[in-house]
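Undergrad: kindly generate the corresponding structure for this input.
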Amino acid sequence: MNPSAPDSDIAPIHDFTRKLLQPSARPVLLDYLEWRRAVRAAAATGDPAPALPNSGPLSINLDLTTACNYACDHCIDWDALNVAVRHEEEELRASIRNLKERGLQSVILIGGGEPTLYPGFEDFVRFLKALELQVAVVTNGSRNDRIAAVADHFTAGDWVRLSLDSGSDEVFQAMHHPKGKGISLDEICRSAGAIKQVNPEVQLGFSFVITWNGSEREEGASVVENLGEMEMATRRAQEAGFDYISFKPFLARAEDGAEVMDPSQAEREHARLVAEIRAGLKGSCAAANEGFRVVESINLRVFLDGSWQQYTRQPQVCHMQAMRQVLSPLGVFNCPAHRGVGKARIGEKNAWSEDGVQGPSPVAAEGTAAILDRFDASVECKEVTCLYHSVNHFLEGVVSAAGPIDDLLPRIDHDTDCFL
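TA: Numbers count the residues shown, from 1 in each chain. Next up is the predicted model:
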């Protein structure tokens with residue numbers, strides 16, 4: 001069996017296969033794939049499985065806090081917001097240092113809650129950059145001043161993405177329900193531009209989750225439609241100095257906690273919905289100036305071309321659980337699509353700082369090895385239109401193929417980023 005070729009029709013920021021193959025990540029990937037082969041060989045002979053190599057995820061989503069000052073109607077993490085749990089600062093820093101020693105390359109400060117509400121946000125960004133980690137921030141834009149205050153510490157490839165989802169302040173207010181005076185789309189875009197003024201190397205993104213009438217976060221929680229504002233948002237983003245706008249379709253939470261795509265919620269027929277989104281994209285691309293990018297997420301691409309159900313067919317083993325994890329005050333989880341879900345828990349929030357029962361290996365390393373065999377992605381993710389679908393099938397093909405693993409992996413001659 002030969003591994004399937006990586007999917008080439010993907011925007012660079014979503015090309016996770018290529019990111020794993022770049023020189024800086026390749027050694028960690030090789031160690032992991034050799035170990036997975038050894039685990040399967042041991043299972044075939046009835047021998048004990050070998051221990052996970054001395055490595056950890058290459059990239060993490062770090063939820064600094066569950067606190068949020070918005071009440072977004074389309075928030076996928078609604079049930080995890082503003083709960084009475086928090087990180088212990090020194091414990092968290094110990095986890096990051098441990099992960100860095102085990103190969104960590106990038107940290108995405110996200111939520112859960114709003115990262116800039118974390119009391120030590122600026123100091124923590126400085127801490128991460130002192131460790132020479134790639135850093136990104138996903139924010140609601142209400143505290144752009146805190147990002148601007150540390151923007152001079154960011155380096156080439158780091159990025160800040162604002163979740164704004166609108167072209168007018170009227171729709172922004174209706175969707176996001178910000179708490180506090182003076183929070184408007186105009187003010188957020190103005191203050192976002194200040195980040196670029198401090199450091200032009202920071203990539204500044206405008207995130208737009210496309211919503212439509214009939215969509216619900218959960219039963220009875222309807223979502224405001226915004227798909228008519230795609231071109232307006234593109235023009236606003238350019239005028240404010242953003243580098244790109246990223247479009248993705250609305251996702252809901254399934255009963256088991258997974259993030260899922262459910263086009264059947266739309267009040268208009270599916271073909272009409274697709275046509276309207278395509279028209280919005282066409283208008284956005286036409287409005288984009290040279291140097292400004294309009295980015296379609298993987299989920300949006302497969303939503304529009306009708307192949308989204310194919311992306312719910314996962315291999316039994318989700319290999320990306322070892323490459324990318326979520327570290328939250330709620331615990332360590334295997335995937336952003338299962339943030340806060342019990343079956344996806346790898347360990348407690350300090351699991352990357354605590355030693356294991358058999359020695360110095362962190363508890364989370366043991367949890368990672370266990371969840372790779374316990375979590376059947378072909379079942380648990382059967383409704384998830386997975387961003388990591390292509391890379392997971394590629395890695396499964398490499399593990400299952402004959403011959404030296406290094407020979408089966410394409411060569412990439414230079415590094416980009418390692419945000420997964």
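
Undergrad: now Ala192: phi and psi?
TA: The phi/psi pair for Ala192 (degrees, to the nearest 10) reads phi -60, psi -40.

Undergrad: ok, it - contacts?
TA: Residues in contact with Ala192 (CB atoms under 8 Å, 6 or more residues apart in numbering) are Gly141, Asn144, Val160, Leu162, Leu204, Ala240, Gly241, Phe242. Placement of C-beta: from N, CA and C, glycine included.

Undergrad: out of everything not next to it in sequence, what's closest to it?
TA: Using CB to CB, 6 or more residues apart in numbering and skipping the chain neighbours, the partner closest in space to Ala192 is Asn144 (5.5 Å).

Undergrad: thinking again about what came up before, in the contacts of Ala192, find the pair that's most separated.
TA: Spanning the widest gap among the contacts of Ala192 are Gly141 and Gly241, at 13.4 Å by CB to CB.

Undergrad: okay, now the unreliable bits of the chain?
TA: Across the chain, the stretches falling below the confidence threshold (pLDDT under 70) are 1-10, 76-79, 82, 216-221, 252-267, 355-360.

Undergrad: check the offset of the strand ranked longest in it from the chain's centre.
TA: Ranked by residue count under DSSP state E, the longest strand found in the chain is strand 203-210. Centre-to-centre, strand 203-210 and its host chain are 13 Å apart (CA atoms, centre = their mean, to the nearest Å).

Undergrad: between Gly141 and Gly241, who's got more neighbours?
TA: Comparing Gly141 with Gly241 by other CB atoms under 10 Å, the one with more neighbours is Gly141, at 26 against 17.

Undergrad: quickly find the element holding the more buried one.
TA: When elements are assigned from DSSP states H and E, Gly141 belongs to no helix and no strand.

Undergrad: now do the contacts for it.
TA: Contacts here follow CB under 8 Å, 6+ apart; on that basis Gly141 touches Leu162, Ser163, Leu164, Ile188, Cys189, Ser191, Ala192.

Undergrad: again with Arg278
TA: Neighbouring residues of Arg278 by CB under 8 Å, 6+ apart: Leu304.

Undergrad: for it, helix, strand, or coil?
TA: Classification of Arg278 by DSSP: H, G, I helix; E, B strand; the rest coil places it in helix.

Undergrad: ok, back up a step: among the contacts of Ala192, name the ones in helices.
TA: If you go by DSSP state H, the contacts of Ala192 have Asn144, Ala240 in helices.

Undergrad: quick check, nearest of the contacts of Ala192 to Ile96?
TA: Out of the contacts of Ala192, the member with the shortest distance to Ile96 (by CB to CB) is Val160, at 19.5 Å.

Undergrad: send the alpha carbons of the longest helix seen in the chain over as CSV?
TA: Residue-count comparison of every helix in the chain, with assignments taken from DSSP H, identifies helix 26-45 as the longest. Extracted in CSV, the C-alpha atoms of helix 26-45 (Å, rounded to 0.1, in the frame of the first residue of the first chain):
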residue,chain,number,x,y,z
ARG,A,26,10.0,16.4,10.1
PRO,A,27,12.1,14.7,12.9
VAL,A,28,9.1,14.8,15.4
LEU,A,29,6.9,13.4,12.7
LEU,A,30,9.3,10.6,11.8
ASP,A,31,9.7,9.6,15.5
TYR,A,32,5.9,9.5,15.8
LEU,A,33,5.3,7.4,12.7
GLU,A,34,8.0,4.9,13.6
TRP,A,35,6.5,4.6,17.0
ARG,A,36,3.0,4.0,15.6
ARG,A,37,4.4,1.2,13.4
ALA,A,38,6.0,-0.3,16.4
VAL,A,39,2.8,-0.1,18.4
ARG,A,40,0.9,-2.0,15.7
ALA,A,41,3.7,-4.6,15.4
ALA,A,42,3.6,-5.2,19.1
ALA,A,43,-0.2,-5.6,19.0
ALA,A,44,0.1,-8.2,16.3
THR,A,45,2.5,-10.3,18.3
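
Undergrad: and it, what does it pack against?
TA: Judged by 3 or more CB pairs under 8 Å, 6 or more residues apart in numbering; DSSP states H and E, the packing partners of helix 26-45 are helix 16-21, helix 320-323, helix 389-400, helix 405-408.

Undergrad: quick one, strands of the stretch 251-400 of the chain?
TA: Under the criterion DSSP state E, counting those that start in this stretch, the stretch 251-400 of the chain contains strands at 252-253, 259-260, 293-296, 324-328, 331-333, 345-347, 355-356, 359-362.

Undergrad: which one in the chain is furthest away from the centre?
TA: Among the C-alpha atoms of the chain, the one most distant from their mean position (CA atoms, centre = their mean) is that of Thr45, at 37.5 Å.

Undergrad: list the buried residues in stretch 99-107.
TA: Leu99, Lys100, Arg102, Gly103, Leu104, Gln105, Ser106, Val107 (16 or more other CB atoms under 10 Å).

Undergrad: nope, stretch 116-125 is what I meant
TA: Burial within stretch 116-125, assessed by neighbour count using 16+ other CB under 10 Å, is assigned to Thr116, Leu117, Tyr118, Phe121, Phe124, Val125.
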